[in-house]
Every structure is written in structure tokens, then in C-alpha cells.
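Asker: build me a model from this:
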Amino acid sequence: MKKSALYTAIMLFFCSLQLKAQYSFTGSLTASVSIQPVMAFSLTANASTAITLSNSAYSNGYTIPNFNTVMIKSNMPWSLSVSAATPYFSASGSYASSNMPASVIGLTKSGQSPSVQLTATPQLLASGGRGNTSQTGNTFNMDFSAAPGYNYGPGIYSLTISYTLTAQ
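Answerer: Down below sits the predicted model:
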């Protein structure tokens, strides 16, 4: 065999080996997921927020069961606090008293006691665990009570109630 023919045969042999060779690569990927804190709060009024007290309500106080429904979604344990925007009601009317305190109003989870009397300082109303509104404890009703007694004159009184949802 001639050298060039031998050389061509060897080259064809190596080329055929290279064409049949398969290459594989192995690699890895590390996935990273960043979950941010999520908290959502909704408040539904189940009764009118305009309240007219009768004569017996002055003596005995006035309670509205299931006044509000609270629904919380959170991916961490939570606390719900309540406070009044100001220490006293704003009052209007000729005989209205400018010193009726926010503590005339009480809120509580339905079926529980004691009531949380409102102040300008946030107070713990409820707490719960992570989950959506179907999680036990993340949806509940609140009762409203008012007990002004006979210490304040007739008039129209207004007070803003603030709810604060925070992580525990």
C-alpha cells in the first residue's frame, strides 16, 4: 500500500471515530426563591356606624354583637391592635361635652371577654398564625360596646378607630 493511501485510510478511520463520538456535559443550577412578608387586612361593617343611644343604653351600656368582620391573610404570625385616633371624641352641639374619652367605646372578639377599651395608645385586640382567611383564627367578628353613662351632654360625637396589623 502506498503511503498516501495508508495515510488516507488512517485519516478516514480517525474521522469515523470522531463522527461517532458523543459529547455530554453535566452542570447544576441553584435556584433561589425570595419570599417577601405579606400581610393583608380587611374590615367589613356588619352594622351601621351611626349609633343613637336610648334612655336604657345610658344606664346599661349598649352592645352591638358582630359589629365588624375582620379577615386577615399573612405569611407570618400576626397581631392586630386597636386605638383611637385621639384621646377624646370630637363633639358638636350646644350641650355636647368636649371631654368624652375614647374609653367609652369597647371592642372584643365575639364571644370573648373582656372588652378592649379604646385609648390613643394601640392595644392588642387579637393575634393569630400565618395563613389565609380560611385559617382558624384569621377571620372573626367583633362586638362593639358603648357606655357613656349620664356624664356627657347630648350632641353628635365622632371618633376615628384605627386598626394596626403587625408581625409578631
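Asker: residue contacts, T166?
Answerer: Under the criterion of C-beta atoms under 8 Å, 6 or more residues apart in numbering, the neighbours of T166 are W78, S79, S81. For glycine as for every other residue, the C-beta is placed from the backbone atoms N, C-alpha and C.
Asker: any idea how far the first one lies from P114?
Answerer: Counting by C-beta to C-beta, to the nearest Å, the gap from W78 to P114 is 21 Å.
Asker: what's the ChimeraX syntax to select whichever of the contacts of T166 are buried?
Answerer: Applying 16 or more other C-beta atoms under 10 Å to the contacts of T166, the buried members can be selected in ChimeraX as follows:
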select :78,81
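Asker: now, which of the contacts of T166 lie within strands?
Answerer: W78, S79, S81 (DSSP state E).
Asker: any low-confidence regions in the chain?
Answerer: Low-confidence segments of the chain (pLDDT under 70): 1-21.
Asker: any idea where the helices of it begin and end?
Answerer: With DSSP state H as the criterion, the chain has helices at 3-20, 55-60.
Asker: ranges for the strands of this structure?
Answerer: 39-45, 62-74, 78-84, 90-92, 105-109, 116-117, 123-128, 139-146, 156-158, 161-167.
Asker: which helices and strands does the second one pack with?
Answerer: Identification of packing neighbours for strand 62-74 by 3 or more C-beta pairs under 8 Å, 6 or more residues apart in numbering; DSSP states H and E yields strand 39-45, strand 78-84, strand 123-128, strand 139-146, strand 161-167.
Asker: distance between that strand and the chain's centre?
Answerer: Per C-alpha atoms, centre = their mean, to the nearest Å, the displacement of strand 62-74 from the mean C-alpha position of its chain is 13 Å.
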